[in-house]
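Q: Quick one: sequence and predicted model below, then my questions.
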Amino acid sequence: MADVSIGNIYSTKVPGYEDAADIQSALRTYHYGSSAYDETNSNAAALVNPSIAYHLKNIQDSIDALEELGTGSVVSNTQPTTVQEGLLWLDIDSTPGSTPVNPTAIYTSIQPATPTDGTLWCVKGSSPLLLKIYNSATSTWNTIGA
């Protein structure tokens, strides 16, 4: 059975169209990149490239790398004790009526049009650099440190 590539962006394999239909083989080929792939394999390095399983592993690796960096946000009533670069912390006591509130940071020279409560706006090009937070109760941007 000949396997053929499909797609150019996130390619994987499918059985050749001239082959007789075998759904189990087709799914194995599509997911693992080969109809002969051993599904009991536990070594991610042995995943076939290209395959959907290989692409999913790359996505998981990217998520793990982001979590390790600590980029993202935390909504908590206690200040984080181990802070990674890029972490935004929003005290849960400051949550405005709707939960969850996830801090969002925007770096632009143009005022964001539809911010949510707690959005941080780093005003690109300002000197000194301005950091503002949106207050939905007053529909205003409050400059931090002002």
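A: On my side now, so go ahead. Numbers count the residues shown, from 1 in each chain.
Q: only C-alpha atoms for contact and neighbour calcs from this point on.
A: OK.
Q: Over to the spatially most central residue of the chain. Which of the three states is it?
A: The centre of the chain sits closest to Ile63, judged by CA atoms, centre = their mean, with a distance of 6.3 Å. When classified by DSSP: H, G, I helix; E, B strand; the rest coil, Ile63 comes out as helix.
Q: Give me the distance between it and Asn49.
A: Distance, Ile63 to Asn49, by CA to CA, to the nearest Å: 19 Å.
Q: For whichever helix or strand Lys132 is part of, list every residue counted as buried.
A: Lys132 belongs to strand 130-135 when assigned by DSSP states H and E. Neighbour counts over strand 130-135 (16 or more other CA atoms under 10 Å) mark Leu131, Lys132, Ile133, Tyr134, Asn135 as buried.
Q: okay, the fourth one: pLDDT?
A: Model confidence at Tyr134, given as pLDDT, is 87.
Q: Give me the nearest residue to it, chain neighbours excluded.
A: In space, and not counting its chain neighbours, Tyr134 is closest to Trp141: 4.5 Å by CA to CA, 6 or more residues apart in numbering.
Q: Also the first one?
A: If the residues on either side of it in the chain are set aside, Leu131 comes closest to Cys122, at 4.6 Å by CA to CA, 6+ apart.
Q: how about the strands in this protein?
A: Along the chain, counting by DSSP state E, strands occupy 3-6, 12-15, 72-76, 87-91, 105-108, 120-123, 130-135, 140-143.
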